[in-house]
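**Q** structural data only, the sequence is not supplied:
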Ligand code: UDP
Ligand code: MG
C-alpha cells in the first residue's frame, strides 16, 4: 500500500449521491456559500452511486461551474452509501474531512460547528440529531439498535445514523488503510480516534424524495455493525447453546427415569416435539450467525474490487 499523500487543501467535504436530482440544486445553493464563508481552501467530493435520475448531469454541471472545488466520482452501479464515502475517502486532499447527506437532512450550515470542535483539538467529531425528523418507526428502531450496539461493542455513539461528521485526515487514512470492506464508517472511525467528541446538529426532513433505506437494507446495515465490531453475538449464542444442551440432557435423564420407573408414556409426545423444534431453531440461528462470520472471512479472502469508477471529474493536481 502506498503512503497517504500530504493534505493540499484545508477541508474535504464528502457527499454520497443516489438519485438526489431533486435535492442537488438546493444543496449546491446552500453548501458552497457556507464553505466560501469559511475563508479556507476546500474541495467537495460527490460520489454518484449509480443514480438512475438526472443526478450525474447536475454534478457535471456543478463541476463545470466550480471545477477547482468540485470533484465527482462516478460509479457504474449502486454500491451503497458507505462504499460511496469510502471511494471519496481514498481520494481526499483535505486536512479535515466532513461527511454529509445529499438530501439536506444534515444542514450544511452546521459544518462550521463541527470544524470548531476539530479546531479545539478533537480528531473525530460525530453529529447527533437534535430533533430527529424521521418516521416514528425509524426513530425507535434506531434507538433499540443503539442500545444493542452499546451493550455488545465498545463503541459509544449517541446517534450512529447521523452522517454529519468530521474526521481528521489521519483517521480517514487509517480507515482507508484498514482495507475494510462493507463496513460502517462512523463506527470504524471511532475505533481509530484518539480524542473523539460529539456535537448536536439540526436535522431536517428530507427535502425531496424518500429514504433509500428499505427495512431490508437497514437490517443488513445493523447486522454489519454488530458482527463487524464484536464477536458478542457468537459468544452469546454459544453460551445459550451450552445452557440449552445442559437443559435437554437433564430432560433426557428425567424421561429415561420415568420410562424405567413408570413405564412407557406417549402423552409426552407433543412436548417432545415442541422441545425438538425449539432445539432445531436454536441450531439454525447458530448456523446463520456462524455463516455471517464465515462470509466476512470469505470477503476478506477474496479481496475483490469493491466498486468500479466509471469516470472521475476533477482537476488534476
Ligand atoms: N445513498 C447512496 N447510496 C445508496 C443509498 C443512499 O449514496 O445506495 C446516499 C443518499 O443519496 C444520501 C445518503 O446516502 O445522500 C443518505 O441516504 P438516505 O437519505 O436515503 O438515508 P436516510 O437519511 O433515510 O438514512
Ligand atoms: Mg436521508
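**A** Looks like it arrived, so ask away. Worth saying up front: this structure is predicted, and the values here are computed from it rather than measured. Residues are numbered from 1 along each chain as shown. Ligands and ions are numbered 1, 2, ... in the order given.

**Q** output the below-cut-off pLDDT ranges for the stretch 201-317 of the chain.
**A** The stretch 201-317 of the chain contains residues with pLDDT under 70 at 267, 270, 299, 301-305.

**Q** pretty sure residue 108 sits against residue 99.
**A** No: using Cβ atoms under 8 Å, residue 108 is not in contact with residue 99, being 11.9 Å away. Every C-beta, even on glycine, is put in place using the N, C-alpha and C of the backbone.

**Q** show me which of those two is the more surrounded one.
**A** Between residue 108 and residue 99, residue 99 has the larger neighbour count (other Cβ atoms under 10 Å), namely 27 against 21.

**Q** isn't the more buried one right next to residue 164, touching?
**A** Yes: using Cβ under 8 Å, residue 99 is in contact with residue 164, at 7.1 Å.

**Q** any residues in contact with both of these two?
**A** Residues touching both residue 99 and residue 164 (Cβ atoms under 8 Å, 6 or more residues apart in numbering): none.

**Q** list the buried ones in the lengthiest helix in the chain?
**A** Identified as the longest helix of the chain according to DSSP state H is helix 269-302. Using 16 or more other Cβ atoms under 10 Å as the burial criterion, the residues of helix 269-302 that qualify are 282, 289, 292, 296.

**Q** and the second one, what does it touch?
**A** Which is residue 289. 227, 233, 234, 237.

**Q** with distance to ligand 1 added, can I get the buried residues of helix 269-302 in JSON lines?
**A** JSON lines is the format used below for these (distance: Cβ to the nearest ligand atom, whole Å):
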{"residue": "282", "distance to ligand 1": "33"}
{"residue": "289", "distance to ligand 1": "26"}
{"residue": "292", "distance to ligand 1": "21"}
{"residue": "296", "distance to ligand 1": "20"}
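
**Q** what's the closest of these to residue 36?
**A** Minimum distance to residue 36 across the buried residues of helix 269-302 is 42.8 Å, recorded for residue 296 (Cβ to Cβ).

**Q** grab the nearest non-local neighbour of that closest one.
**A** Computed as Cβ to Cβ, 6 or more residues apart in numbering, the closest residue to residue 296 that is not its neighbour in sequence is residue 227, at 6.9 Å.

**Q** which residues touch the host helix or strand of that neighbour?
**A** Residue 227 is part of helix 215-229, with elements assigned from DSSP states H and E. With Cβ under 8 Å, 6+ apart as the test, helix 215-229 has contacts from 138, 141, 145, 148-149, 152-153, 155, 160, 180, 182-184, 187, 191, 213, 232-233, 289, 292-293, 296.

**Q** would you show me how to pick out the buried ones of the residues you listed in PyMOL?
**A** Buried subset of the contacts of helix 215-229, written as a PyMOL selection, criterion 16+ other Cβ under 10 Å:
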select buried, resi 138+141+145+149+152+153+155+160+180+182+183+184+187+233+289+292+296
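
**Q** so which of the contacts of helix 215-229 are also by ligand 2?
**A** Among those, none lies close to ligand 2 by the criterion of Cβ under 5 Å from the ion.

**Q** perfect, that will be all.
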